[in-house]
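Enquirer: generate a structure from the sequence data that follows.
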Amino acid sequence: MSALNTSQFVLYVILFLPVLYILYRHKTAGILGWLYLTAFVTIRVAGLGMQLDNNGSTSSSAVLLNNIGLSPLLLSALGLLHEARRAHLSIVNNKLEWALIIIYHIFVTTGLAILASGISSMTSSHPPSSAASMAKVGYALMLIAWIILAIYTLISLPSRQTYPAAPKYDFGSKVGNT
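Expert: I've put the predicted structure just below:
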């Protein structure tokens, strides 16, 4: 195992406890973001842990875990954005917000399923010719999901003049408050 993989393994093991603590502290208000971040860290630890034992060879399970590991990060970013939107913006239509979140989850899950299917087919002894194209389609769907999340984040950025900060969360939105 390379020094990079070893250092990543140590880093994710160290980060697991703070992420778990934040998940506990945010309870139901932040579960959408912090639960997926916990899943991301857990998947990274498992994937890198599988590579520790393999004397330079990479198992198909480790490859699969390392490739699907970004989907929980995507869903976590969406959950944290939703938590921030709920805290700082007055969401007019809560049902529409949740419908968009569910549609996004379905989109990411579909991309993940196609990607995992393509990668697992590629690691078999006789991969079908469609395996590489399935993996490329899965990667393309994940890229589209990242672009959608970036656009949604830009839309969610309010100017201070347009949206006054909610007093309950104002202290947490400024650096250096005493």
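Enquirer: from here on, just use CA atoms for contacts and neighbour counts.
Expert: Noted.
Enquirer: look through this protein and tell me its longest helix.
Expert: Scanning the chain for the longest helix, with DSSP state H as the assignment, gives helix 94-122.
Enquirer: buried set for the helix or strand following that helix?
Expert: Counting by DSSP states H and E, the next helix or strand C-terminal to helix 94-122 is helix 130-156. For helix 130-156, the neighbour count (16 or more other CA atoms under 10 Å) marks 131-132, 134-139, 141-142, 145-146, 149 as buried.
Enquirer: which other helices and strands does helix 130-156 contact?
Expert: Helix 130-156 sits against helix 70-88, helix 94-122, with contacts defined as 3 or more CA pairs under 8 Å, 6 or more residues apart in numbering; DSSP states H and E.
Enquirer: quick one: low-confidence parts of this protein?
Expert: For the chain, residues meeting the criterion pLDDT under 70 lie at 1, 53-59, 67, 89-92, 158-178.
Enquirer: spatially central, which residue of it would that be?
Expert: Computing the C-alpha centroid of the chain and ranking residues by CA atoms, centre = their mean puts L73 first, at 1.2 Å.
Enquirer: need the contact list for that one.
Expert: Y36, L37, F40 (CA atoms under 8 Å, 6 or more residues apart in numbering).
Enquirer: let's see that with 10 Å instead.
Expert: Residues near L73 by CA atoms under 10 Å, 6 or more residues apart in numbering: G33, W34, Y36, L37, T38, A39, F40, V41, G79.
Enquirer: compare these and tell me which has the most neighbours.
Expert: Using other CA atoms under 10 Å as the neighbour test, these are led by W34, with 28 neighbours.
Enquirer: quick one: that residue and A62, what's the gap?
Expert: To A62, W34 is 24 Å away according to CA to CA, to the nearest Å.
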